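Asks: quick one, structure for this:
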Amino acid sequence: MKKITFLLLLCLAFMANHSVAQVNNMQKVELFGKKKLINNGSVIRCATTEYEEYLKSKNSNRPSINQFEKWIAPKIVLEKKKNLNASKTQRTNAIITIPVVVHVIHSGDLIGTDENISNGQVQSQIQVLNEDFRRKLNTPGFNTNPVGADVEIEFVLAKRDPAGVTSNGINRVNLLQGNWSTEDIDNFVKPQTQWDPEKYLNIWVVKFANTELLGYAQFPSQSGLTGLNSNEGSALTDGVVIGYKFFGSTTYFPGGTYFPVFDKGRTTTHEVGHWLGLRHIWGDGDSSSGCSVDDFCNDTPNTAKENEGCPENVDSCPASPGNDMIQNYMDYTNDACMNIFTNDQKLRMITVMNNSPRRVALKTSDALEPGFIYVNDGAISIVSLNLNSCTTTFSPTVKLTNKGSAILTSATITYSVDNVNVRTITWTGNLSNSASAEITLDAITGSGGKRNFKIEINNVNSTTDQNIKNNVSSIDFDLIKSYSSNTVTLTLQLDEYGSETEWQLTNSAGTIVYEGGPYNDTTTLPAVITKVFNLPNDECYTFKIFDSADDGICCENGIGFYNLKTATEDTIVSNLRFESEKSTSFHIGSVSKNEDSNLRNSIVYPNPAQSVLKIITENKLEIPNSYTIFNLSGQIIESKKLNTAENQQINVTNLSQGIYLLKLFKNDVRTTTIRFIKK
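Replies: Numbers count the residues shown, from 1 in each chain. Reported below is the predicted structural model:
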């Protein structure tokens with residue numbers, strides 16, 4: 001469990017795996033292969049300098065910080081000449097409008113759940129960007145500072161997608177994975193989902209594997225300009241990446257999912273500032289640089305280092321005039337304390353927009369022109385599965401939306417669980433363009449465990465749907481499993497911070513029948529805790545484990561774990577890592593007649609996989625002996641026997657990057673299907 005007050009890497013543009021080890025009151029942090037020693041409880045919220053050094057080491061043609069400044073300096077002079085006769089309080093430029101696409105990367109959650117954030121949360125972020133960059137009166141983005149600037153840049157969600165089809169500027173993509181490392185975001189997520197960076201500012205909203213990370217951006221560069229041998233940085237990675245809890249504002253959309261203190265949308269304001277060429281106000285110097293490093297903006301007072309929280313009257317460079325500008329969007333203070341871009345920062349951003357190749361191309365983008373609409377175009381989405389925590393029967397509610405210009409009067413729809421026993425319904429009604437109808441499907445009974453519900457439009461208005469991109473919706477979910485044993489054993493290995501861990505077992509009425517914690521802190525791993533529960537039949541139970549530091553019982557201060565097992569050695573849950581809490585429900589009673597074999601408890605790793613995919617099956621008697629790999633179109637890519645029970649590995653080296661379905665077989669009868677990503 002990491003005992004630091006969050007390693008907040010706010011503007012990290014690419015991050016290698018880091019390891020942290022406590023040495024007395026210090027911690028050793030690895031950033032891009034280099035180790036850094038910091039105080040326990042301190043905060044690291046940005047590694048832009050380290051990232052630029054890392055990118056430079058991988059690509060010798062990438063411009064250095066000094067090269068970029070040499071390029072931009074004369075262009076800033078030209079911009080100043082353009083505005084020489086204009087008052088600073090008057091408009092000096094035509095308003096620049098930047099088309100934005102927000103890619104919401106999720107793993108199949110319902111809209112508005114976890115990382116699949118709602119449209120309202122996305123729209124609240126766009127509102128914050130416009131208030132901050134336009135210094136709008138009577139908003140949190142306004143300030144009365146004499147050097148405070150209306151940047152004259154605005155942001156609008158795109159009105160058409162790259163194919164020219166009408167869009168709301170929100171691109172929801174189910175990549176079948178719960179969280180992402182920064183490396184996989186750059187190497188897989190961005191290239192798979194990006195819209196043309198010469199027409200759109202791409203913003204990816206994701207769940208980071210490193211839960212302390214807030215976001216990062218790609219700095220602008222200047223390939224093709226005279227006097228500099230450099231490139232623009234990869235077009236396939238250009239844009240901004242934000243953790244989903246730090247995107248949007250509680251002020252304008254309180255119903256979203258947020259992280260306190262960084263819940264006013266200023267993480268995105270900060271990162272877009274980087275995307276437009278701004279440095280941090282202290283100039284990104286290291287601890288030995290003091291006040292000697294410049295941020296290249298004369299109206300931001302000289303600052304020695306970042307500020308955190310919401311301090312007052314800080315003067316980290318007393319030999320230079322002015323207190324630290326802690327209200328500046330390019331500092332590290334809390335969201336609610338930020339409200340200033342300065343005139344020199346504005347000049348720098350306008351210069352980038354007028355000169356940096358991909359940035360200037362945005363000014364002539366057609367992404368804000370209305371897109372075209374298909375005649376026959378139906379879209380389907382899942383509203384709710386309407387699951388009951390103590391039954392395997394449920395009746396999903398879905399929403400059918402008419403995206404076409406013709407009146408939608410009928411649609412043929414199929415749905416299934418795990419692609420088994422596919423059902424077909426025919427909807428009839430009358431929907432004009434953009435109108436929707438909610439449909440509650442007939443009850444479905446499934447077997448306990450991890451399942452996938454899928455619904456698909458086959459045709460609309462008795463003809464082919466012209467836009468298949470919105471015809472399918474699916475979601476992974478858990479159906480409660482039933483166990484015949486009345487005796488359940490909890491095995492709990494705490495880490496060294498037992499005071500943060502609590503757990504409870506409740507019945508279907510919500511009554512706590514067993515509980516434990518908080519425990520004592522230790523200097524070494526404590527003894528394993530074992531609790532035996534004797535549970536009545538025909539009842540549902542929920543086991544919840546909590547961690548007050550939001551980082552589970554793993555990893556830097558001891559590898560903790562917990563599991564629940566029945567007297568017959570059936571594993572109800574086994575887990576290492578979670579955040580603030582983890583919940584597992586189960587039923588005690590006779591096993592349902594449609595309960596699947598333990599083959600369904602097989603897992604594959606690593607996922608995404610690059611060369612070898614390994615299979616682990618919980619019940620050794622149910623180890624699969626053959627497999628078939630399909631692509632998402634249902635084509636068979638490979639079908640083979642698994643050599644031995646000990647060699648449960650599949651070579652995927654020759655597969656192209658993408659998403660696949662792996663169907664495992666036991667004696668050609670028992671099967672299960674698992675999705676995996678080849679990177």
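
Asks: so where do the strands sit in the stretch 151-300 of the chain?
Replies: Taking DSSP state E, counting those that start in this stretch, the strands of the stretch 151-300 of the chain run over residues 153-157, 170-174, 201-206, 215-217, 240-243.

Asks: the last one pairs with which strands, and in what direction?
Replies: Think strand 240-243. Here strand 240-243 is paired, per DSSP bridges, with strand 201-206 (parallel), strand 215-217 (antiparallel).

Asks: deepest in the core, which of the ones you listed is it.
Replies: Scoring the strands paired with strand 240-243 by mean neighbour count under mean count of other Cβ atoms under 10 Å gives strand 215-217 as the most buried, with a mean of 28. (C-beta placed from N, C-alpha, C; glycine too.)

Asks: can you say which of the strands of the stretch 151-300 of the chain is nearest to Ile425?
Replies: strand 170-174 (22.8 Å; Cβ to Cβ).

Asks: helices or strands next to the closest one in the packing?
Replies: In terms of contacts (3 or more Cβ pairs under 8 Å, 6 or more residues apart in numbering; DSSP states H and E), strand 170-174 is packed against strand 96-106, helix 190-193.

Asks: for stretch 437-447, what does the pLDDT average out to?
Replies: Here stretch 437-447 scores 90 as its mean pLDDT.

Asks: from the chain's centroid, how far away is that stretch?
Replies: Centre-to-centre, stretch 437-447 and its host chain are 29 Å apart (Cα atoms, centre = their mean, to the nearest Å).

Asks: go on, stretch 347-360?
Replies: With Cα atoms, centre = their mean, you get 28 Å for stretch 347-360.

Asks: for the strands of the stretch 151-300 of the chain, which has the smallest mean pLDDT value?
Replies: Looking at the strands of the stretch 151-300 of the chain, the bottom one is strand 215-217 with a mean of 90.

Asks: what's the neighbour count on Glu569?
Replies: Glu569 has 10 neighbours, counted by other Cβ atoms under 10 Å.

Asks: quick check on the residue nearest to Leu655 when sequence neighbours are not counted: phi, psi?
Replies: Leaving aside its chain neighbours, Leu655 sits nearest to Lys678 (4.4 Å; criterion: Cβ to Cβ, 6 or more residues apart in numbering). Reported as degrees, to the nearest 10, the phi and psi values for Lys678 are phi -100, psi 120.

Asks: export the strands of the stretch 151-300 of the chain to CSV and tack on distance to Thr144?
Replies: Output for those, formatted as CSV (distance: least, Cβ to Cβ, whole Å):
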stretch, distance to Thr144
strand 153-157, 21
strand 170-174, 35
strand 201-206, 29
strand 215-217, 28
strand 240-243, 29
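
Asks: of all these, which lies closest to Asp476?
Replies: Asp476 lies closest to strand 170-174 among the strands of the stretch 151-300 of the chain, at 9.3 Å (Cβ to Cβ).

Asks: got the contact list for that closest one?
Replies: 101-108, 111, 116, 119, 122, 157, 161, 192-193, 195, 474 (Cβ atoms under 8 Å, 6 or more residues apart in numbering).

Asks: so of the helices and strands packed on strand 170-174, which one's packed in deepest?
Replies: strand 96-106 (a mean of 23).

Asks: that one pairs with which strands, and in what direction?
Replies: strand 153-157 (parallel), strand 170-174 (parallel), strand 201-206 (parallel).

Asks: and the ones you listed: which comes nearest Thr351?
Replies: Here strand 153-157 is closest among the strands paired with strand 96-106 (Cβ to Cβ), at 12.0 Å.

Asks: report the buried residues of the closest one.
Replies: Residues of strand 153-157 classed as buried by neighbour count (16 or more other Cβ atoms under 10 Å): Ile153, Phe155, Val156, Leu157.

Asks: what does stretch 374-393 give?
Replies: Buried, per 16+ other Cβ under 10 Å, within stretch 374-393: Tyr374, Asn376, Asp377, Gly378, Ala379, Ile380, Ile382, Val383, Leu385, Leu387, Cys390, Thr392.

Asks: what's opposite the fourth one in the beta bridge?
Replies: The reference is to Gly378. The partner residues for Gly378, given DSSP bridges, come to Asn402.

Asks: surely it is in contact with Ala411?
Replies: Yes. Gly378 is within contact range of Ala411, at 5.2 Å (criterion: Cβ atoms under 8 Å).
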